[in-house]
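In: Following is a predicted model, sequence given first.
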Amino acid sequence: MRKKFIAAMVIVAVMALGPVAAFANEPSPDLPFEDVQPHDWFYNAVAWAFDNGLMNGISETEFAPAGYMTRAMLVTLLWRYEGMPDAGEATFSDVAGNRWYSRAIAWAAENGIVMGYDETTFGVNDFITRQQMYTVLYRYMNFAGIVIAVEDEMRLQQFADADDISDWAKDALHFMFDIGVMFRYHDFDFYARPQENALRSEIAGAMYFFNMRRAEAEYSKPIDVGVNFTPRIIRTDIFSWSLESEFPNHPVIIRSMAELHAHMGFFSQHVLSWNADGQSTYMNNVVFGAYNEAFFESHILVILYFEESSGSNSHRVDAVFANGDIHVTRIVPEIGTADMAGWHILIEVDSSVVPEQFNLVVANEFV
């Protein structure tokens with residue numbers, strides 16, 4: 001069976017990621033481990049965890065990607081990820097006060113991230129199962145106040161072994177799968193394998209993709225300052241299968257009539273190549289022709305363009321923020337059509353409160 005990573009978030013960021021609270025997700029290309037090769041699905045995850053001091057090998061040259069991890073090891077990994085905060089003493093009888101995992105377990109127990117089996121037993125050397133791993137990660141996320149939005153909700157019932165998932169783990173597994181952190185196996189059926197021990201490679205992968213989702217969420221989180229805007233959403237029959245990718249510096253920012261004329265020329269050149277003179281006249285006269293120099297004295301125009309295989313889709317501009325985030329919802333009907341359509345979205349914004357660049361965040365809404 002081959003492993004498939006499912007990402008449930010649709011985020012298109014035009015600007016490069018800025019500094020975030022999460023760890024950097026650019027691992028070093030060099031690893032000392034002979035059992036981790038560049039073609040392995042977990043290579044970047046292991047490199048990231050090793051570079052950031054979260055996981056070590058079992059020897060100088062061996063990582064043991066198919067090995068297991070104990071409860072004490074997983075808690076210590078999370079503790080390092082949190083920055084090794086101070087904590088009291090663990091109260092479990094099987095946790096000595098001077099071991100490498102003692103402070104980590106005390107921290108995790110104090111904050112409700114990992115519980116003991118009872119008030120006196122933690123299970124230091126017990127292997128962690130997959131459902132335990134995702135539940136611990138889910139509790140850590142809630143403890144740390146990390147907010148990751150779920151754009152597309154899936155259902156655990158699609159797993160052939162959904163009945164094997166314990167009730168206490170369902171919320172965690174559901175969420176981690178929806179945000180693209182949980183792995184599923186596929187052949188003809190999908191399996192969650194909740195009761196199986198988590199592999200070291202899987203734990204490295206879960207932390208790596210969780211950190212990636214966290215970084216995306218921290219970066220795309222809008223500041224709490226909305227900007228007044230006016231959207232004009234126009235559907236045309238103009239499409240080329242490639243024009244969307246050819247748009248320069250998408251979203252296109254127009255600050256003057258000269259820039260608008262240049263964009264009109266770019267667009268008309270493509271339209272004329274499709275022998276669509278009528279559409280070119282409509283776009284130039286009706287769509288772009290609605291603006292003049294007086295408009296650009298106090299406004300800018302942000303132009304978005306989408307080409308989609310289902311012309312029955314529609315779009316909604318939900319918000320524009322002073323930090324440059326533009327939130328657009330693509331509304332997808334349950335039963336669509338097969339025709340192609342091009343969508344122009346022109347957003348009129350007050351030029352005194354906008355940045356030099358914009359970040360486009362697109363979410364799907366199924367109706």
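Out: Cool, got the structure.
In: hey, let's count contacts and neighbours off CA atoms from now on
Out: Fine.
In: Where does pLDDT dip in the chain?
Out: By pLDDT under 70, the weakly predicted segments of the chain are 1-29, 151-158, 183-189, 219-225, 237-249, 267-282.
In: The same query, at a cut-off of 50, please.
Out: For the chain, residues meeting the criterion pLDDT under 50 lie at 1-21, 222-223, 272-275.
In: Phi first, then psi, for residue 360.
Out: phi -100, psi 120 (degrees, to the nearest 10).
In: That one: neighbour count?
Out: For residue 360, the neighbour count with other Cα atoms under 10 Å is 20.
In: The one 5 residues further on too?
Out: If you count neighbours by other Cα under 10 Å, residue 365 ends up with 14.
In: Need the phi and psi values for it.
Out: phi -130, psi 120.
In: So it sits against residue 330, correct?
Out: Yes: in terms of Cα atoms under 8 Å, residue 365 counts as a neighbour of residue 330; the distance is 6.1 Å.
In: Show the subsequent helix or strand relative to the longest helix anywhere in the chain.
Out: Secondary structure assigned by DSSP state H gives helix 200-220 as the longest helix of the chain. Scanning forward in sequence from helix 200-220 by DSSP states H and E, the next helix or strand is strand 229-236.
In: Could you check how far that following strand is from the centre of its chain?
Out: Averaging C-alpha positions (Cα atoms, centre = their mean, to the nearest Å) puts strand 229-236 27 Å from its chain's average.
In: And for that strand, what's in contact with it?
Out: By Cα atoms under 8 Å, 6 or more residues apart in numbering, the residues outside strand 229-236 that reach it are 279, 315, 317, 320, 341-350.
In: Looking at these, spot the one nearest residue 103.
Out: residue 320 (44.6 Å; Cα to Cα).
In: which helices and strands does the longest helix of the chain pack with?
Out: helix 43-51 (3 or more Cα pairs under 8 Å, 6 or more residues apart in numbering; DSSP states H and E).
In: what's the helix it packs on packed up against?
Out: Under the contact definition 3+ Cα pairs under 8 Å, 6+ apart, helix 43-51 sits against helix 200-220.
In: Hey, what's the angle from the helix it packs on to helix 43-51? Just curious.
Out: With axes from the mean of the first three to the mean of the last three Cα atoms, to 10 degrees applied, the angle from helix 200-220 to helix 43-51 works out at 80 degrees.
In: Now helix 200-220: buried residues?
Out: By neighbour count with 16 or more other Cα atoms under 10 Å, helix 200-220 contains the buried residues 200-220.
In: The residue nearest the centre of the chain: what's it in contact with?
Out: With distances taken as Cα atoms, centre = their mean, the residue of the chain nearest its centroid is residue 213 (4.2 Å). Residues in contact with residue 213, defined by Cα under 8 Å, 6+ apart, are 148, 179.
In: Please tell me how far it sits from residue 316.
Out: Separation of residue 213 from residue 316 (Cα to Cα, to the nearest Å) stands at 24 Å.
In: Strands along the stretch 1-150 of the chain, start to end?
Out: Using DSSP state E, counting those that start in this stretch, the strands of the stretch 1-150 of the chain run over 2-5.
In: try the stretch 151-300 of the chain
Out: 183-186, 190-191, 229-236, 252-254, 299-308.
In: Make CSV from those and add distance to residue 131 and mean neighbour count to it.
Out: Formatted as CSV, those follow (distance: least, Cα to Cα, whole Å; neighbours: other Cα atoms under 10 Å):
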stretch, distance to residue 131, mean neighbour count
strand 183-186, 11, 17
strand 190-191, 12, 17
strand 229-236, 45, 15
strand 252-254, 45, 20
strand 299-308, 38, 19
